[in-house]
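Visitor: coords please:
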Amino acid sequence: MANKQAFTPEEWTKILESVVLSGMAVTAADPSGIIGLLKESFASAGMLAKAKSDPGASALVKDVVAEFQTSEGRGMMQEAIKKRFAGASQADISGRSVDALREVSAILDAKAPEDAPVFKAWLRDISTKVANAATEGGFLGFGGEKVSDAEKATLSDIAKALGVAA
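Guide: Below is the predicted model of the structure:
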């Protein structure tokens, strides 16, 4: 079973980023206003909390969750995200996020092949939870659709990048 020590500091930072980027890709694909943004952010955070309390979560997922609980881990991840999106337009965020997930997929396959499928599925689940958190295109909570076409396309791109079923 892989853990933090299986990765270089740069690889570990990318793995930490992947947790945020898996939700951010979906949110950026079809921004849904401040309320939708909050709902989607809470959905992503809820997946971390769920993993923390899940006795069946993999050691790698547990290490990532533990890292998010430290100010050093959060700071490292925030700096990496700022660097990744420096100068990015709103339209670039989703694509850059998916590209980063593709990188993490390759790192996991190379360094943690036994843990890779479970971790990648967790990232996919985070993005799916975020996509379903807020209604898109409605007015004052009425109308719209649960998952927009742009979000569906991004979910498909994420699944392809991670090499998992959509």
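Visitor: Going by C-alpha atoms from here, please, whenever you check contacts or count neighbours.
Guide: Will do.
Visitor: isn't Gly36 right up against Asn132?
Guide: No - when contacts are counted by CA atoms under 8 Å, Gly36 is not listed as touching Asn132 (10.2 Å).
Visitor: quick one: buried residues of the helix or strand harbouring Leu101?
Guide: Assigned by DSSP states H and E, Leu101 belongs to helix 90-111. Neighbour counts over helix 90-111 (16 or more other CA atoms under 10 Å) mark 93-109, 111 as buried.
Visitor: so the next helix or strand after that helix versus helix 90-111, what angle?
Guide: Where DSSP H and E defines the elements, the next helix or strand beyond helix 90-111 is helix 116-131. Orientation check (axes from the mean of the first three to the mean of the last three CA atoms, to 10 degrees): helix 116-131 against helix 90-111 gives 160 degrees.
Visitor: For helix 116-131, which helices and strands make contact with it?
Guide: Judged by 3 or more CA pairs under 8 Å, 6 or more residues apart in numbering; DSSP states H and E, the packing partners of helix 116-131 are helix 9-29, helix 33-53, helix 90-111, helix 149-162.
Visitor: redo that, cut-off 7 Å
Guide: When contacts are defined as 3 or more CA pairs under 7 Å, 6 or more residues apart in numbering; DSSP states H and E, helix 116-131 sits against helix 9-29, helix 33-53, helix 149-162.
Visitor: so that helix versus helix 9-29, what angle?
Guide: Using the same axes, to 10 degrees: helix 116-131 against helix 9-29 is 30 degrees.
Visitor: send the alpha carbons of helix 116-131 over as CSV?
Guide: Extracted in CSV, the C-alpha atoms of helix 116-131 (Å, rounded to 0.1, in the frame of the first residue of the first chain):
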residue,chain,number,x,y,z
ALA,A,116,-4.2,3.8,-8.3
PRO,A,117,-7.6,2.4,-9.2
VAL,A,118,-9.2,3.3,-5.8
PHE,A,119,-7.6,6.7,-5.6
LYS,A,120,-8.7,7.6,-9.2
ALA,A,121,-12.2,6.3,-8.5
TRP,A,122,-12.3,8.6,-5.4
LEU,A,123,-11.2,11.6,-7.6
ARG,A,124,-14.0,10.7,-10.1
ASP,A,125,-16.5,10.4,-7.3
ILE,A,126,-15.5,13.9,-6.0
SER,A,127,-16.1,15.4,-9.4
THR,A,128,-19.4,13.6,-9.8
LYS,A,129,-20.5,14.8,-6.3
VAL,A,130,-19.6,18.4,-7.2
ALA,A,131,-21.5,18.2,-10.5
